[in-house]
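Undergrad: need the 3D shape of this:
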Amino acid sequence: MKQIKMFEPIIDNEEIDAVVNVLKSRWLAHGPEVEAFEKEFAEYIGVRYAAAVSNGTVALMLALKALGVGSGDIVLVPDYTFIATATSVLMVNATPRFVDVDIETFNINPEDILNNLDGDIRAIIVVHLFGHPADMKIIKDIAEDKNILLIEDAAQAHGAEAYGRKVGSFGDVSIFSFYATKNMTTGEGGIVVSDNKAIIEKVKLLRNHGQIARYIHIELGGNYRLTSIQAALGRVQLRKLNKLNDIRRSYAHKYNTLLRNLKVVNTPIEKSWAKHVYHVYALRFRDGLCRDAVYSCMLNKGIEVAIHYPLPLHKQPLFKSLGYKECCINSSHLASMELSLPIHPKLNEEDIEFIAETLKECIEIYCSNSI
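TA: Below you'll find the predicted structure:
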């Protein structure tokens with residue numbers, strides 16, 4: 001039986017050679033390779049400064065710390081996202097408040113941001129979920145009008161654009177993840193970017209034990225550094241990012257064509273002002289039992305599919321234990337209806353056709369009114 005993976009990193013001889021060169025240099029920890037990666041990534045996003053760190057969760061936590069977010073502050077967070085967006089807020093002793101999402105883009109809903117502006121709102125974290133940008137024009141206007149800090153969580157959106165600008169260039173500070181499944185990877189790793197030099201210098205201080213000179217520490221920090229090995233891998237991946245994103249986009253368009261007549265699913269949309277980079281190709285089913293049956297059917301046929309995410313954040317046991325109540329109708333709906341298909345560049349067009357045809361077979365078997 002043919003086996004198709006949900007994610008697979010693109011690693012070839014260029015990445016291998018870059019890592020081997022670092023190994024030969026014997027400079028394995030933080031060094032010039034990291035600084036070069038930071039400079040190149042900042043230039044790619046269109047910002048002035050960057051600080052590479054050990055992972056995306058740390059990037060978000062340090063960004064919040066660098067902004068001075070802490071005890072007594074409320075941070076608006078989309079209810080439908082990976083949990084690290086919200087737990088990073090808890091890690092700085094602030095309080096996440098969950099905001100509902102747009103049913104079509106899966107991203108934070110500007111209208112519900114306006115519904116949640118009571119209290120000591122210090123910041124908004126915008127997640128560009130699955131590679132489609134949030135509506136940064138509207139959200140940035142809200143943040144500026146209300147004097148609220150704006151943070152972009154672009155962990156899934158390397159190279160995505162809103163209104164002709166790269167995501168990560170709108171916020172007071174923005175973060176990216178380089179986990180192995182992302183559109184570009186360093187295995188683990190993250191980065192904080194900003195046009196504000198003071199914010200990035202604070203992140204660099206915190207990532208290195210609050211140290212300003214050897215064994216002189218002025219602030220509580222930790223070891224959150226990226227290695228030179230990871231940075232070398234990231235520099236090569238960055239050079240390939242646009243090409244790899246183009247492949248993802250072409251596969252998404254092919255899926256859209258092959259699946260457009262299905263009555264039980266909605267294919268992903270791309271807003272007219274957006275460039276979607278399809279970290280995830282997220283279908284939206286119209287029936288939850290049908291979604292669950294198709295999920296199992298696809299796995300049984302050797303195709304890895306995924307559900308992102310089976311619980312909205314307010315229903316996670318952690319947040320229920322903290323007293324969070326029912327909210328966010330759209331995020332609850334999406335959690336019960338979303339199904340992701342493989343879309344990584346290791347696939348080919350024949351694979352996309354095979355996945356689409358298998359999906360149709362599973363839908364025909366398990367979903368009523370499928371044709």
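Undergrad: domain assignment for this structure?
TA: Structural domains assigned to the chain are 13-236, 241-366, following automatic domain parsing.
Undergrad: nearest to residue 1, of those domains?
TA: Evaluated with Cβ to Cβ, the domains of the chain place domain 241-366 nearest to residue 1, the distance being 4.5 Å. To be clear about C-beta, it is placed using only N, CA and C from the backbone, and glycine gets the same treatment.
Undergrad: how far out from the middle of the chain is the closest one?
TA: Put simply, domain 241-366 sits 15 Å off its chain's centre (Cα atoms, centre = their mean, to the nearest Å).
Undergrad: pull up the distance across that domain, start to finish.
TA: For domain 241-366, the first and last residues are 38 Å from each other (Cα to Cα, to the nearest Å).
Undergrad: one more: stretch 143-156?
TA: End-to-end distance for stretch 143-156, by Cα to Cα: 22 Å.
Undergrad: can you point out the buried residues in that stretch?
TA: Neighbour-count burial for stretch 143-156 flags 143, 148, 149, 150, 151, 152, 153, 154, 155, 156 (criterion: 16 or more other Cβ atoms under 10 Å).
Undergrad: from these, which land in helices?
TA: Among the buried residues of stretch 143-156, the ones falling in helices (DSSP state H) are residue 143.
Undergrad: which two in the buried residues of stretch 143-156 are spaced the farthest apart?
TA: Taking Cβ to Cβ, the two most distant members of the buried residues of stretch 143-156 are 148 and 156; they sit 23.0 Å apart.
Undergrad: wait, which of the domains of the chain is closest to residue 3?
TA: Across those, closest to residue 3 is domain 241-366 (Cβ to Cβ), at 4.6 Å.
Undergrad: output the contacting helices and strands for the helix or strand harbouring residue 292.
TA: Following DSSP states H and E, one finds residue 292 within helix 288-300. Helix 288-300 sits against helix 329-337, strand 338-341, helix 349-366, with contacts defined as 3 or more Cβ pairs under 8 Å, 6 or more residues apart in numbering; DSSP states H and E.
Undergrad: give me whichever of those is most buried.
TA: A comparison of the helices and strands packed on helix 288-300 by mean neighbour count, using mean count of other Cβ atoms under 10 Å, puts strand 338-341 on top with a mean of 22.
Undergrad: which other helices and strands does that one contact?
TA: strand 281-285, helix 288-300.
Undergrad: what lies in contact with the first one?
TA: Surrounding strand 281-285, the residues in contact under the criterion Cβ atoms under 8 Å, 6 or more residues apart in numbering are 103, 106, 130, 251-252, 255, 259, 264-268, 291, 294, 308, 334, 337-343.
Undergrad: let's see that strand as CSV, backbone CA atoms only.
TA: What follows is strand 281-285, C-alpha atoms only, in CSV (Å, rounded to 0.1, in the frame of the first residue of the first chain):
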residue,chain,number,x,y,z
TYR,A,281,-4.0,22.6,3.5
ALA,A,282,-7.1,22.8,5.8
LEU,A,283,-10.4,21.5,4.6
ARG,A,284,-13.6,22.5,6.4
PHE,A,285,-16.2,19.7,6.5
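Undergrad: now that strand: buried residues?
TA: Under 16+ other Cβ under 10 Å, the buried positions of strand 281-285 are 281, 282, 283, 284, 285.
Undergrad: now residue 274, nearest residue through space, not along the chain?
TA: Spatial nearest neighbour of residue 274, chain neighbours left out: residue 133 (5.1 Å); criterion: Cβ to Cβ, 6 or more residues apart in numbering.
Undergrad: I'd like the distance between residue 1 and residue 339.
TA: Using Cβ to Cβ, to the nearest Å, one gets 20 Å for the distance from residue 1 to residue 339.
Undergrad: any chance you could map the helices in the stretch 1-150 of the chain?
TA: Taking DSSP state H, counting those that start in this stretch, the helices of the stretch 1-150 of the chain run over residues 13-25, 32-45, 56-66, 84-91, 110-114, 136-146.
Undergrad: deepest-packed of the ones you listed, please.
TA: Neighbour counts (mean count of other Cβ under 10 Å) averaged over each of the helices of the stretch 1-150 of the chain peak at helix 56-66, with a mean of 27.
Undergrad: can you list the helices and strands that that helix packs against?
TA: The contact analysis (3+ Cβ pairs under 8 Å, 6+ apart) places helix 56-66 against strand 49-53, helix 84-91, strand 149-153, strand 173-177, strand 190-194, helix 197-206.
Undergrad: let's have those in TSV, adding mean pLDDT and distance to residue 276.
TA: TSV is the format used below for the helices and strands packed on helix 56-66 (pLDDT from 0 to 100; distance: least, Cβ to Cβ, whole Å):
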stretch	mean pLDDT	distance to residue 276
strand 49-53	98	24
helix 84-91	98	19
strand 149-153	98	16
strand 173-177	98	16
strand 190-194	98	20
helix 197-206	98	28
